[in-house]
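*Asks:* prediction below, plus the sequence it came from.
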Number of protein chains: 2
Amino acid sequence: MSRPTIHDVARVAGVSLSTVDRVLNGRVGVREGTQLRVAEAMRTLGYERNVAAANLSRRRQYRLRFFLPSGSNSFMRGLEDRVRERMAVAGRDSTVIEVTTVPPFDAPALAAELRGLCADAVDGVAIVATDATAIRVAVQDLRARGIAVVTLVSDLPSSERQHFVGIDNVQAGRTAASLLGRFCRWRPGRIALVAGSMLVRDHVERRLGFEQVLRAEFPDQAIGATIEGLDDQDIVEERLRTILAEDPGITGIYSFGAGNRGVARAVSGLSPDRRPAVVVHELTHYSRDALLDGVFDAVIHQDDAREVDVAIRTLRALADGESPDGAAERIGVEVFLRDNLP
Amino acid sequence: MSRPTIHDVARVAGVSLSTVDRVLNGRVGVREGTQLRVAEAMRTLGYERNVAAANLSRRRQYRLRFFLPSGSNSFMRGLEDRVRERMAVAGRDSTVIEVTTVPPFDAPALAAELRGLCADAVDGVAIVATDATAIRVAVQDLRARGIAVVTLVSDLPSSERQHFVGIDNVQAGRTAASLLGRFCRWRPGRIALVAGSMLVRDHVERRLGFEQVLRAEFPDQAIGATIEGLDDQDIVEERLRTILAEDPGITGIYSFGAGNRGVARAVSGLSPDRRPAVVVHELTHYSRDALLDGVFDAVIHQDDAREVDVAIRTLRALADGESPDGAAERIGVEVFLRDNLP
DNA sequence: GCAAAAATGAGGTACGTTAATCATACGATG
DNA sequence: CATCGTATGATTAACGTACCTCATTTTTGC
């Protein structure tokens, strides 16, 4: 009827509660044979530890720390809001969350913060990683001190981070190409690219995926001018205006960095029948409005609320020494048009 | 530091533990003034009941029951699989889930099943509703007996169900039009519709949303022939073949019922350059393959795993007399291309 | 075969809450 | 003033687990 308890396990294994406890919590001083008998009893009974009761008893707290880039990037500020929303209710799951913002793209600053963490004050850390050796080393350090580490939004491959919570950016680029190629299918032309900075790994990956698919599947769309807008809306606007004026054969725009407001302003200056199809990244207040106004056609998005949830669940699982459920916790590349906005 | 307990509340309110318990659990025999003092103390302390400890103490079990249509509909079978996956691990959250399948579109059968439920054996019910008065009455009955009710996938408006877990089908239809309109933008023509049965509320809503957007925003695409395929792949294939042969001006196909395999077979018979853009519903094994083969262009999807999760969380919250978090638990209309498949 | 060491058992307390019993204090009523 | 009903307090045993101490048994090494 109800789930078996350690009492049942003890009875079936023919040992005392103490011994079951010792086995269950990996304490020393149990003969191997006894361990096997207990394990066997757990298996036959289908015993699963009651985590709620265990956490209650040991007054377990999961102390998690999020490191996010500071600055005005809308997506990051939204992400921070999501984390703070979770902070407010995390107590329900005996979880304490703290947020620290560090200057963006400043690897030494982040590394210094990470070095300052103490294993008996923090159980797990989520970082929006900058791809730098200093961070890799800092992560290795954290792991050595027994602190769980996941990367969030931006990954740090070949580091010792245990998990990455975010989208596959190559896939995101492929999806953008798949959309734009179809949007422009019966109208050959050129597609302009708007990058933030090609120094950021995400953007390189997005571009890679985009080119792969556009070249292979939509040969009548060429890749036109590429703007490096440095995530600055004014720069983006000005350069994009110039390009659009010079080249009337631009059928589409793919913007995969920040600076969406600049794209929107440049495009909305054109008469509707000359407007290219526009695909950008991240659903924010601004890109949402542009979708509704018909200035953008599609937005490629990652669900920040879900990313935060998954990061928390993953860190909790890792802190308990479990391996997180990768498939179920996957973050997908979402596509929004004006008609399926939340 | 750590969360306040009922002990703290008692101390601050200047009452005993017993009184706090009486207030907290709505028992009788507490003067109004005392109740207010306790409530005030809870507010100042920011007390939140430790649900895990409470459930442990009262040996609370959430007994939930899912009613799903039987039959070969891939989406429904997938949904059932998701429910069964949750069943297997639900014990961790002191939740017991059962699944009952009932013949599809058979309102009396479902109503009879619902009537048979006993309030002291079930706390909450999730039903894939057929739009019928018999079901509305049965739902009213369940609610009167204190059983929580949510509708899943297909809603039952103006019934006493407390929540609907599923997508907005009008929005789904709008999204399909928004995609197809853009896919066919530079090539005027007609879009063929493939329905399952217009007797099902979902399909009516999808068509409604589709027509709204296509008429308003894509005037160079007309709505062509409509097939009522009764969710039978063979019927769909045959009729669609005929239509495609007769009318070379078909630029797109929107299929919003089951029978995707029929659509795929009919379309893949055409030479690639004559193929219309195809948008269908529900990501299954088959539609996935068709996407990968380039036979379908996009799939409108609802995340069945998430729907099941949300239904469970919602029913648990309702069983505790809480109101579920609507915004966070929203099910969105998802868009899949071959490039952002999970 | 004996001492030392290792393995196991027995029992208690705690975690935060529920739920019950029993005792007591308080007011109002007659 | 005695009585009764209501409000409140005090205490206790659960729930399933963790973790501690102390006693007892078994094994090991010599």
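*Replies:* Yep, that arrived.
*Asks:* and A:Ala216, what element?
*Replies:* Using DSSP states H and E, A:Ala216 falls within helix A:201-217.
*Asks:* so which residues of the stretch 151-300 of chain A form helices?
*Replies:* Along the stretch 151-300 of chain A, the segments classed as helices by DSSP state H, counting those that start in this stretch run A:169-183, A:201-217, A:233-246, A:260-268, A:285-292.
*Asks:* can you give me the angle the third one makes with helix A:260-268?
*Replies:* Just to be clear, that refers to helix A:233-246. Per axes from the mean of the first three to the mean of the last three Cα atoms, to 10 degrees, the angle that helix A:233-246 makes with helix A:260-268 is 20 degrees.
*Asks:* now helix A:233-246 - C-alpha only, CSV.
*Replies:* The C-alpha trace of helix A:233-246 is given here as CSV (Å, rounded to 0.1, in the frame of the first residue of the first chain):
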residue,chain,number,x,y,z
GLN,A,233,21.4,49.3,-30.7
ASP,A,234,22.5,52.6,-32.1
ILE,A,235,25.4,51.1,-34.0
VAL,A,236,23.2,48.3,-35.3
GLU,A,237,20.6,50.7,-36.5
GLU,A,238,23.0,53.0,-38.3
ARG,A,239,24.9,50.2,-40.1
LEU,A,240,21.8,48.3,-41.0
ARG,A,241,20.1,51.3,-42.4
THR,A,242,23.1,51.9,-44.7
ILE,A,243,23.2,48.3,-45.9
LEU,A,244,19.4,48.2,-46.5
ALA,A,245,19.6,51.4,-48.5
GLU,A,246,22.6,50.2,-50.6
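*Asks:* quick one: buried residues of it?
*Replies:* By neighbour count on 16 or more other Cβ atoms under 10 Å in any protein chain shown, the buried set for helix A:233-246 is A:Gln233, A:Val236, A:Glu237, A:Glu238, A:Arg239, A:Leu240, A:Arg241, A:Ile243, A:Leu244. Every residue, glycine included, has its C-beta placed from N, CA and C.
*Asks:* quick one: which of those residues is nearest DNA strand D?
*Replies:* A:Gln233 (52.6 Å; Cβ to the nearest atom of the strand).
*Asks:* what's the pLDDT at the residue nearest to the closest one when sequence neighbours are not counted?
*Replies:* Leaving out its chain neighbours, the residue that sits closest to A:Gln233 by Cβ to Cβ, 6 or more residues apart in numbering or on different chains is A:Gly262, at 3.6 Å. Confidence at A:Gly262, expressed as pLDDT, is 92.
*Asks:* just checking, A:Gly262 touches A:Glu237?
*Replies:* Yes: in this structure, A:Gly262 is within contact of A:Glu237 by Cβ atoms under 8 Å, at 3.7 Å.
*Asks:* deepest in the core, which of the helices of the stretch 151-300 of chain A is it.
*Replies:* With neighbours defined as mean count of other Cβ atoms under 10 Å in any protein chain shown, the helices of the stretch 151-300 of chain A peak in mean count at helix A:169-183, which reaches a mean of 26.
*Asks:* just checking it against chain B, any contact.
*Replies:* Yes: residues of helix A:169-183 are located near chain B by Cβ under 8 Å from any Cβ of the partner chain, namely A:Gln171, A:Ala172, A:Arg174, A:Thr175, A:Ala177, A:Ser178, A:Leu179, A:Arg182, A:Phe183.
*Asks:* any idea how far the residue most central in space within chain A lies from A:Val299?
*Replies:* Closest to where the C-alpha atoms of chain A average out (Cα atoms, centre = their mean) is A:Gly166, at 2.4 Å. Applying Cβ to Cβ, to the nearest Å, the value for A:Gly166 to A:Val299 is 17 Å.
*Asks:* same thing with A:Leu283?
*Replies:* For A:Leu283, the distance to A:Val299 (Cβ to Cβ) stands at 5 Å.
*Asks:* any residues in contact with both of these two?
*Replies:* Counting by Cβ atoms under 8 Å, 6 or more residues apart in numbering or on different chains, the common neighbours of A:Leu283 and A:Val299 are A:Phe336.
*Asks:* got any ranges where chain A has weak pLDDT?
*Replies:* Applying pLDDT under 70 to chain A flags residues A:1, A:198-199.
*Asks:* in it, what residue spans correspond to strands?
*Replies:* Along chain A, the stretches classed as strands by DSSP state E are A:62-69, A:95-102, A:124-127, A:148-152, A:163-165, A:189-195, A:221-228, A:250-255, A:277-281, A:298-301, A:334-336.
*Asks:* about what we covered before: who's in contact with the residue nearest to the residue nearest to the centre of chain A when sequence neighbours are not counted?
*Replies:* Distances taken as Cβ to Cβ, 6+ apart place A:Val153 nearest to A:Gly166, at 4.5 Å, with adjacent residues excluded. For A:Val153, the contact set (Cβ under 8 Å, 6+ apart) comprises A:Leu79, A:Val128, A:Val165, A:Gly166, A:Asp202, A:Gln302, A:Glu307.
*Asks:* chain B: which of the residues you listed is nearest?
*Replies:* Minimum distance to chain B across these is 11.0 Å, recorded for A:Gln302 (Cβ to the nearest Cβ).
*Asks:* separation between that closest one and DNA strand C?
*Replies:* When distance is defined by Cβ to the nearest atom of the strand, to the nearest Å, A:Gln302 is 36 Å away from DNA strand C.
*Asks:* quick check: residues of the stretch 1-150 of chain A near chain B?
*Replies:* With Cβ under 8 Å from any Cβ as the criterion, the stretch 1-150 of chain A meets chain B at residues A:2-3, A:48, A:50-53, A:55-56, A:59, A:61, A:91-92, A:94.
*Asks:* now the residues you listed: which count as buried?
*Replies:* Neighbour-count burial within those applies to A:Arg3, A:Asn50, A:Ala52, A:Asn55, A:Leu56, A:Gly91, A:Ser94; the criterion is 16+ other Cβ under 10 Å.
*Asks:* closest to B:Val335 among the residues you listed?
*Replies:* Closest to B:Val335 out of those is A:Gly91 (36.5 Å), distances taken as Cβ to Cβ.
*Asks:* so which of the helices of the stretch 151-300 of chain A is nearest B:Ala39?
*Replies:* Comparing the helices of the stretch 151-300 of chain A by Cβ to Cβ, helix A:285-292 comes nearest, at 37.7 Å.
*Asks:* check what contacts the closest one and list those residues.
*Replies:* Contacts for helix A:285-292 (Cβ under 8 Å, 6+ apart): A:74, A:260-261, A:263-264, A:268, A:278, A:280, A:296-299, A:336-338, A:341.
*Asks:* just put the residues of helix A:169-183 next to chain B in a markdown table and tack on distance to B:Asp325.
*Replies:* Shown next, in a markdown table, are those (distance: Cβ to Cβ, whole Å):
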| residue | distance to B:Asp325 |
| --- | --- |
| A:Gln171 | 29 |
| A:Ala172 | 28 |
| A:Arg174 | 34 |
| A:Thr175 | 29 |
| A:Ala177 | 36 |
| A:Ser178 | 34 |
| A:Leu179 | 31 |
| A:Arg182 | 36 |
| A:Phe183 | 36 |
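*Asks:* DNA strand D: which of those is nearest?
*Replies:* Set against DNA strand D, the nearest of the residues of helix A:169-183 next to chain B by Cβ to the nearest atom of the strand is A:Gln171 (39.6 Å).
*Asks:* surely that closest one is in contact with B:Pro342?
*Replies:* No: A:Gln171 lies out of contact with B:Pro342 (Cβ under 8 Å); the separation is 9.8 Å.
*Asks:* close to chain B: what parts of the stretch 151-300 of chain A are there?
*Replies:* Residues of the stretch 151-300 of chain A lying near chain B by Cβ under 8 Å from any Cβ: A:171-172, A:174-175, A:177-179, A:182-187, A:209, A:213, A:277, A:297.
*Asks:* in contact with A:Arg207, which residues?
*Replies:* For A:Arg207, the contact set (Cβ under 8 Å, 6+ apart) comprises A:Gly173, A:Leu193, A:Ala195, A:Met198, A:Phe256.
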